[in-house]
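# sequence and predicted structure below; questions after.
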Amino acid sequence: MKLFKINSIVIFLACLVMIPYPANADNKAVSIAIGSGTAVISMLEGSAQRTKKGATAAKPLFDGDFLSKGDRVTTGKKSRIELKMPDGSYVRYGESTTFELVSAVYDVQKKKRNISISMILGKTWAKVSRLFGRRGRFTISTRTAVAGVRGTVYRLNVNQDGSVMIKVYWGEVVVNNRKQAQEAAEPGKMMELTPLPVAGPYPVKGPHPVSMEEWTYIVKSLQQINIKPDGTVTKPFRFDIKEDLNDWVLWNKQRDEILGDI
């Protein structure tokens, strides 16, 4: 009798092992390893739709869904979405926002990341893990600029006219014009974030606006930088933290407090 019970348990366990992990129509089987090159939707308020790379039809997203390279996401009105990246960082997006996940690679052995997000329109808030320092890269790009960070809390808005606003709440953000940042990254490799030790733009000849091809800024805590639709940029300046408070900022700060240090 005891032998029969033992054999029954062994057969039952074997059946459990053979059961596949759940998958839905839009995602591959759910990955167990957080460093697998995907980002997971850790929170969704309202609605959001995802268009897979090469597809034409958008499909709804839900809590727990995974995003992978090339996915383009648009949030609905009165909607918010939070992604947990494979390195443990969190990125949130406000209503009527469109972004594309360019890369979400995390090398577990080397503890090195290559995370890149393209912002097309709307609002994003990033709480970037401090565990990696300058190893690899974590960038959010727009049509005119690329913001590369280490351990940082900041937000970035892409407005309807193509202008960009970046505000840093903690840490530093290295903001380059898009062309310059692309040339700095060697194809096929993770770009190391080693900013030049400058407090302002590169020196230029004569008094003229800083153009798309000439500037790099280090934006520090409680500083703001604005980029015009044509790619010209204003020098970073300190913003008033009290005047900055709105529903979007307050909600993100509350979420950050819940998450604690990462």
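Now that the structure is in, tell me what you want to look at.

# could you use CA atoms for every contact and neighbour count after this?
Will do.

# and the longest strand seen in the chain, what does it pack against?
Determined from DSSP state E, the single longest strand within the chain is strand 112-127. Secondary-structure packing of strand 112-127 (3 or more C-alpha pairs under 8 Å, 6 or more residues apart in numbering; DSSP states H and E): strand 90-93, strand 98-107, strand 136-141, strand 153-158.

# make JSON lines out of the ones you listed and add mean neighbour count, distance to Ile115 and mean pLDDT.
Shown next, in JSON lines, are these (neighbours: other C-alpha atoms under 10 Å; distance: least, C-alpha to C-alpha, whole Å; pLDDT from 0 to 100):
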{"stretch": "strand 90-93", "mean neighbour count": "24", "distance to Ile115": "11", "mean pLDDT": "98"}
{"stretch": "strand 98-107", "mean neighbour count": "22", "distance to Ile115": "5", "mean pLDDT": "92"}
{"stretch": "strand 136-141", "mean neighbour count": "23", "distance to Ile115": "5", "mean pLDDT": "90"}
{"stretch": "strand 153-158", "mean neighbour count": "23", "distance to Ile115": "16", "mean pLDDT": "96"}
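
# any chance of those in a markdown table, with distance to Glu257 too?
Formatted as a markdown table, the helices and strands packed on strand 112-127 follow (distance: least, C-alpha to C-alpha, whole Å):
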| stretch | distance to Glu257 |
| --- | --- |
| strand 90-93 | 12 |
| strand 98-107 | 24 |
| strand 136-141 | 22 |
| strand 153-158 | 12 |
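
# on that earlier part again, what's the average pLDDT for the longest strand of the chain?
Here strand 112-127 scores 95 as its mean pLDDT.

# what do you get for stretch 57-66?
The pLDDT scores in stretch 57-66 average 96.

# next, the buried residues of that stretch.
Across stretch 57-66, burial judged by 16 or more other C-alpha atoms under 10 Å covers 61-62, 65-66.

# what is the closest residue to Lys127 other than its chain neighbours paired to in the beta sheet?
Spatial nearest neighbour of Lys127, chain neighbours left out: Val153 (4.6 Å); criterion: C-alpha to C-alpha, 6 or more residues apart in numbering. Here Val153 sits in beta bridges with Lys127, Trp170, going by DSSP bridges.

# I'd say Val153 and Gly171 touch.
Yes - look at Val153 against Gly171 with C-alpha atoms under 8 Å: they come within range, at 6.7 Å.

# test my guess that Gln49 contacts Lys77.
No - here Gln49 lies out of contact with Lys77, judged by C-alpha under 8 Å, at a distance of 11.8 Å.

# helices of the stretch 101-250 of the chain, start to end?
In the stretch 101-250 of the chain, the helices defined using DSSP state H, counting those that start in this stretch lie at 178-184, 241-244, 247-259.

# who wins for proximity to Lys84 among those helices?
Of all the helices of the stretch 101-250 of the chain, it is helix 247-259 that lies closest to Lys84, at 11.1 Å by C-alpha to C-alpha.
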